[in-house]
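J.: Need a 3D model of the sequence below.
(one chain, ligands or ions: 1)
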Amino acid sequence: MYRMAKSIVSKKKEGKNPIIAEIKVFSPKHGDLLRGRNEIDILRIYEEAGVAGISYITDKRYFRGDFNVFKKICASTDLPVLRKDFITSKEEIERTAEAEGSAILLIGRLLKEKTSEFVDYALEHELDTLVEVHSREEMEIAKGTNTTMIGINNRDISKLERDDGNVSLTEKLSKYLPKGVVSVSESGISTLEDLKVALKYTDAALIGTSFMRAEDTLNFVKSFVDAKLY
Ligand SMILES: O=C(O)c1ccccc1NCC(=O)[C@H](O)[C@H](O)COP(=O)(O)O
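T.: As a prediction, the model looks like this:
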């Protein structure tokens, strides 16, 4: 376990809800999410709200991310930062570690039989690995690796966010999660009711769009971190 997984575990011990908050600049469905703010402004709000970690998408094509912004975020915070992208080369793992990222997304559906090798390579670079699953088959791929974290993506990434995502997928797939791995429910979480379901079945929730679209971001995010769900 490295920094991201440890931060989730310690938030839980503190009695706070472990949230990975995404600095998301663009959504294929909703368009621009920054609305004139910059990424570091959002980072400071997330820090103040007490989140467990930060996520940033570096993919340019669909999500308008920028690797230099990722580097800047990593250099500007003590929180662990997850890099989300469609990683298919080991050089990208090296770049993520060099940028002082703390965790990297690895998609089993994309990497297939190479998933395990990529996980081990990232772990050698002291990165937590978030292996993402959206089906039972993908869960089996993830379980065949040494990953420190498994993410259940409530959306089907191949639909590029044209689907709304349903947290009921977390409930459905969580029964196949292995012991000893930090689990995350990702995407489509926009209400405290969604969060309640997500955290009933996994250790942490990864949230982007609803935080970025909130009118009062600080109080909205805080309400997720501090909510007494049970
Ligand atoms: O999840 C992926 O496979 C992925 C890979 C590369 C770029 C983006 C990807 N997914 C989108 C997201 O990461 C979501 O923005 C994130 O899970 C937050 O979801 P939401 O709260 O619904 O914005």
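J.: Tell me if the helix or strand of the chain with the lowest mean pLDDT is near the ligand.
T.: One helix or strand of the chain scores below all others by mean pLDDT, DSSP states H and E: helix 108-111, with a mean of 92. No - against the ligand, helix 108-111 shows no contacts by Cβ under 6 Å from any ligand atom, the least distance being 8.1 Å. Just so you know, the C-beta spots here come from the backbone N, C-alpha and C atoms, and that holds for glycine as well.
J.: Can you name the helix or strand that the residue nearest the centre of the chain falls in?
T.: Note on the chain: the residue nearest the mean C-alpha position is residue 206, at 4.6 Å, using Cα atoms, centre = their mean. Here residue 206 sits within strand 204-207, counting by DSSP states H and E.
J.: counting contacts, what elements does that strand pack onto?
T.: strand 19-23, strand 182-186, helix 192-201 (3 or more Cβ pairs under 8 Å, 6 or more residues apart in numbering; DSSP states H and E).
J.: now the ones you listed as a markdown table including mean neighbour count?
T.: Formatted as a markdown table, the helices and strands packed on strand 204-207 follow (neighbours: other Cβ atoms under 10 Å):
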| stretch | mean neighbour count |
| --- | --- |
| strand 19-23 | 27 |
| strand 182-186 | 27 |
| helix 192-201 | 19 |
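J.: Check which strands are paired with the strand holding residue 206 and give the direction for each one.
T.: Sheet pairing here is set by DSSP bridges, and for strand 204-207 it gives strand 19-23 (parallel), strand 182-186 (parallel).
J.: Dump it to PDB, keeping only the CA atoms.
T.: Extracted in PDB, the C-alpha atoms of strand 204-207 (Å, rounded to 0.1, in the frame of the first residue of the first chain):
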ATOM      1  CA  ALA A 204     -13.900   5.200  -0.900                       C
ATOM      2  CA  ALA A 205     -15.900   7.100  -3.500                       C
ATOM      3  CA  LEU A 206     -14.400   9.000  -6.500                       C
ATOM      4  CA  ILE A 207     -16.500  12.000  -7.500                       C
END
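J.: is the helix or strand following that strand up against the ligand anywhere?
T.: Remark: after strand 204-207, the chain's next helix or strand is helix 209-213, criterion DSSP H and E. Yes - contact of helix 209-213 with the ligand (Cβ under 6 Å from any ligand atom) involves 209-210.
J.: Stretch 123-132 too?
T.: Yes - if you take Cβ under 6 Å from any ligand atom as the test, stretch 123-132 does meet the ligand, through residue 132.
J.: from the middle of its chain, how far away would that stretch be?
T.: 12 Å (Cα atoms, centre = their mean, to the nearest Å).
J.: same question for it, mean pLDDT?
T.: Averaging pLDDT along stretch 123-132 gives 98.
J.: Need the distance between the two termini of it.
T.: 16 Å (Cα to Cα, to the nearest Å).
J.: Report the buried residues of it.
T.: Of the residues in stretch 123-132, 123, 125, 127-132 count as buried by neighbour count, 16 or more other Cβ atoms under 10 Å.
J.: Contacts for the strand holding residue 206, please.
T.: Applying Cβ atoms under 8 Å, 6 or more residues apart in numbering, the contact partners of strand 204-207 are 8, 11, 17-22, 52-53, 55, 82, 151, 182-187, 189-190, 195, 198-199, 224.
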